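In: Model the structure of this input:
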Amino acid sequence: MAVNGRKRLLQLVTRFGVLLLTRCPFWFCFSQLMLYAERAEAKRKPDIAVPYLYIDLAVAVLCASFMSFGVKRRWFALGAALQLAISTYVGHVGGHVYYGDWLKVRMYSRIIAVIGAFLVLASGAGEIYRQKPRSRSLQSTGQVFLGIYLICVMVNSVKLCPMLAAVALCALICLGMVVQGYPTKPENPGNDASPEEMAKYLTALRHYINLVTRQRYGKRDSPADSLLSDLLTGDFENYNSRSRFDDSSYNW
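Out: Numbers count the residues shown, from 1 in each chain. Sure, this is the predicted structure:
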């Protein structure tokens with residue numbers, strides 16, 4: 001019961017995080033529109049030129065819509081990360097608005113954290129039913145970006161709030177250990193278990209075996225799709241395209 005409760009809690013936290021992350025571009029677009037409306041009243045230009053600003057908002061809304069509905073979530077999460085990175089770079093080199101150095105550190109560190117979260121989402125981490133293997137390169141890159149943000153928070157909070165700095169340091173240490181490659185293996189209820197408990201255990205064990213074999217061997221649809229995924233998000237060293245039937249160590 002404790003294992004099932006912990007598993008349900010982790011699934012609930014994961015789904016809540018995915019819910020917030022997939023709706024994040026909507027909030028970005030709304031906040032940008034409100035900010036630029038205030039600047040327009042003061043006759044100040046936005047960070048991005050007006051024709052490109054509309055394109056940037058349209059791409060953000062498109063990626064957020066597809067991520068919210070779960071359609072090609074990995075691809076559109078990667079697109080949202082690229083869109084946010086490009087828009088931030090264009091706004092930085094545009095020179096229309098001048099920020100202080102400390103404000104730039106706070107803004108860009110948070111943007112890097114959001115980009116890292118999108119990269120982790122694009123890697124396939126947290127998916128319950130995974131059809132393709134998880135991209136470890138995207139996940140590790142996203143964790144590095146999140147670590148950069150935690151370092152900035154820790155440095156900022158050393159003098160203001162030592163407790164917050166300690167929490168950020170603990171989160172930075174645990175960042176590389178939170179996402180594991182395999183789900184939790186169900187526990188055997190024993191020989192004295194009832195038929196209903198044994199049936200639940202066998203169902204959970206079958207689900208566990210399916211998830212582990214999918215993460216280990218993967219699934220490819222077509223050679224073209226495989227080549228495109230290898231060029232963009234694939235791991236050339238760790239990826240294994242063998243079938244489970246070719247592995248002599250697999251126990252049936």
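
In: Helices of the stretch 1-150 of the chain, residue ranges please.
Out: 2-22, 24-41, 50-69, 73-94, 101-122, 136-160 (DSSP state H, counting those that start in this stretch).

In: Specify the stretch among those that is closest to Gly190.
Out: helix 2-22 (14.3 Å; CB to CB). No exception for glycine: its C-beta is placed from N, CA and C like everyone else's.

In: Now tabulate the helices of the stretch 1-150 of the chain in a markdown table and tack on mean pLDDT, distance to Pro189 and mean neighbour count.
Out: Converted to a markdown table, the helices of the stretch 1-150 of the chain look like this (pLDDT from 0 to 100; distance: least, CB to CB, whole Å; neighbours: other CB atoms under 10 Å):
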| stretch | mean pLDDT | distance to Pro189 | mean neighbour count |
| --- | --- | --- | --- |
| helix 2-22 | 75 | 11 | 13 |
| helix 24-41 | 86 | 41 | 14 |
| helix 50-69 | 89 | 38 | 16 |
| helix 73-94 | 88 | 35 | 19 |
| helix 101-122 | 86 | 35 | 18 |
| helix 136-160 | 78 | 34 | 17 |
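
In: Adding distance to His207 as columns, could you present those in a markdown table?
Out: Shown next, in a markdown table, are these (distance: least, CB to CB, whole Å):
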| stretch | distance to His207 |
| --- | --- |
| helix 2-22 | 11 |
| helix 24-41 | 30 |
| helix 50-69 | 25 |
| helix 73-94 | 21 |
| helix 101-122 | 23 |
| helix 136-160 | 22 |
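
In: Show the contacting residues for the closest residue to Tyr149 other than its chain neighbours.
Out: In this structure, Tyr149 finds its nearest non-sequential neighbour in Ala113, 3.5 Å apart by CB to CB, 6 or more residues apart in numbering. By CB atoms under 8 Å, 6 or more residues apart in numbering, the contact set of Ala113 is 145-146, 148-149.
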